[in-house]
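> just coords:
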């Protein structure tokens, strides 16, 4: 059994580790190789500390997964390898959808790197629809002049009738 709650500062190390591992699991084969040198645990820590997203975690004593949302966007959703397939992702997704609806948005969006088949199948299964595909520039530190872009999908879902049970 797990609980969903807002993150606190004591969750940061676990989130950084989970996010680093999850990002590399999902994206390492989909992005230009030069991007990988910038996707270190320190990168994820800085992003987490500077983010104004709203974050929730699934916990059972340990952090099993997390989700973040900002405005009408589902920004991040990652689950530990050992916890995948347990319903945690669906529960976190529902929490974020509810947050987006509570903010007054009738529709939510999420961006997904094209080729991330696990995420693509998950969002479609959960009622999201592909609305467009485009090339998106990846975030890199201001200290570099390098630029990389990837094919990205935008999925959307009407959420005005969602209610958390």
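Looks like it came in fine. Worth saying up front: this structure is predicted, and the values here are computed from it rather than measured.

> Residues touching the helix or strand of the chain with the lowest mean pLDDT, excluding its own?
Here the helix or strand of the chain ranked lowest by mean pLDDT, DSSP states H and E is helix 41-50, holding a mean of 92. Identification of contacts with helix 41-50 by C-beta atoms under 8 Å, 6 or more residues apart in numbering yields 12, 15-17, 19-20, 23, 55, 139, 141. Where you see a C-beta, it was placed from the backbone N, CA and C, and this is true even at glycine.

> Which ones among those residues map onto strands?
Per DSSP state E, strands hold the following members of the contacts of helix 41-50: residue 55.

> Flag whichever of the contacts of helix 41-50 scores worst on pLDDT.
Within the contacts of helix 41-50, the minimum per-residue pLDDT falls on residue 141 (67).

> Run through the bridge partners of the residue sitting nearest the centre point of the chain.
The structure's the chain has its C-alpha centroid closest to residue 76; by C-alpha atoms, centre = their mean the separation is 1.5 Å. Taking DSSP bridges as the rule, residue 76 bridges to residue 68.

> and it, how far is that from residue 52?
Distance of residue 76 to residue 52, given as C-beta to C-beta, to the nearest Å: 13 Å.

> how about residue 64, secondary structure?
strand (DSSP: H, G, I helix; E, B strand; the rest coil).

> wait, isn't it in contact with residue 78?
No: using C-beta atoms under 8 Å, residue 64 is not in contact with residue 78; the gap is 9.9 Å.

> Does the residue sitting furthest away from the middle of the chain belong to a helix, a strand or coil?
Ranking residues of the chain by C-alpha distance from their mean position (C-alpha atoms, centre = their mean) puts residue 145 at the top, at 25.8 Å. Under three-state DSSP, the three-state class of residue 145 is coil.
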